[in-house]
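just coords:
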């Protein structure tokens, strides 16, 4: 089990840095200092390894999001804490990762979509409901429409046709989109809180 975990950890590291398509099973074996034969004893093929990496990564993100939600002082604070977490991820992520997953590894992409359309969508809904209760988001928000809109807007920075990596920084793009979305939801009280959190972030 230890060896299997070590393989998955190295795979995630290399996929995030170089993209999935660029890293072959031979590259993986070399990086791990093992033979391809040994590697295939633990993962039958690259597809199986990719699915495992997606599962591990989404499980970690899910746990971190749940912890952030429980620690955040309010709904807007939660958004800013999540943004910090996402920015950290995106700074070390090859923009081609999601494109490669969708095009070359349908099982891995299906696993990612299940996580996105179930956990992430519900997480967004809960944040909006919390913000409304706290008087930070407008009461007239159409929950289902806006939750799904936010979910899709989170994926836009990965679209290399909309934001080519040679022209746009993925982390900065995601941050700007999240901030603009939050401003659109916020009440006057919420706007002031956004500005306060932005100021605190600048002064860090």
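Perfect, thanks for sending it. Since the model is a prediction, treat every value here as computed from it, not as a measurement. Residues are numbered from 1 along each chain as shown.

Ramachandran angles for residue 186?
phi -80, psi 150 (degrees, to the nearest 10).

For it, give its distance to residue 107.
Look at residue 186 and residue 107: by Cβ to Cβ, to the nearest Å, they are 39 Å apart. (C-beta placed from N, C-alpha, C; glycine too.)

So residue 62 sits against residue 119, correct?
Yes. Under the criterion of Cβ atoms under 8 Å, residue 62 lies in contact with residue 119, with a separation of 5.6 Å.

Now residue 69: phi and psi?
Listed backbone geometry of residue 69 is phi -60, psi -40, with angles given as degrees, to the nearest 10.

Leaving out sequence neighbours, find the closest residue to it.
The spatial neighbour of residue 69 that comes closest, neighbours along the chain excluded (Cβ to Cβ, 6 or more residues apart in numbering), is residue 78 at 5.7 Å.

Packing partners of the helix or strand harbouring residue 79?
With elements taken from DSSP states H and E, the one containing residue 79 is helix 75-91. Applying 3 or more Cβ pairs under 8 Å, 6 or more residues apart in numbering; DSSP states H and E, one finds that helix 75-91 contacts helix 46-71, helix 121-133, helix 170-185, helix 188-202.

Could you pull out the buried residues of the helix or strand just after that helix?
Read in the C-terminal direction, the helix or strand following helix 75-91 is helix 97-104, with elements assigned using DSSP H and E. Neighbour-count burial for helix 97-104, counted by 16 or more other Cβ atoms under 10 Å, picks out 97, 98, 99, 100, 101.

now those residues in JSON lines, with distance to residue 29 and pLDDT?
As requested, the buried residues of helix 97-104 are arranged in JSON lines below (distance: Cβ to Cβ, whole Å; pLDDT from 0 to 100):
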{"residue": "97", "distance to residue 29": "21", "pLDDT": "94"}
{"residue": "98", "distance to residue 29": "25", "pLDDT": "93"}
{"residue": "99", "distance to residue 29": "25", "pLDDT": "94"}
{"residue": "100", "distance to residue 29": "19", "pLDDT": "96"}
{"residue": "101", "distance to residue 29": "21", "pLDDT": "97"}
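
So which of these is the closest to residue 147?
Distance from residue 147 was checked for each of the buried residues of helix 97-104 by Cβ to Cβ. The minimum falls on residue 98, at 20.4 Å.

From residue 8, how far off is the residue nearest to the closest one when sequence neighbours are not counted?
Ranked by Cβ to Cβ, 6+ apart and with sequence neighbours excluded, the top spatial neighbour of residue 98 is residue 158, at 4.1 Å. In this structure, residue 158 and residue 8 are separated by 22 Å, where distance is defined by Cβ to Cβ.

Just want to know which of the two has more residues nearby.
For residue 158 versus residue 8, neighbours defined as other Cβ atoms under 10 Å are more numerous around residue 158 (21 against 18).

ok now do that one, which residues does it touch?
Contacts for residue 158 (Cβ atoms under 8 Å, 6 or more residues apart in numbering) come out as 95, 97, 98, 99, 170.

Isn't the second one up against residue 18?
No. With contact defined as Cβ under 8 Å, residue 97 does not reach residue 18; the gap is 9.3 Å.
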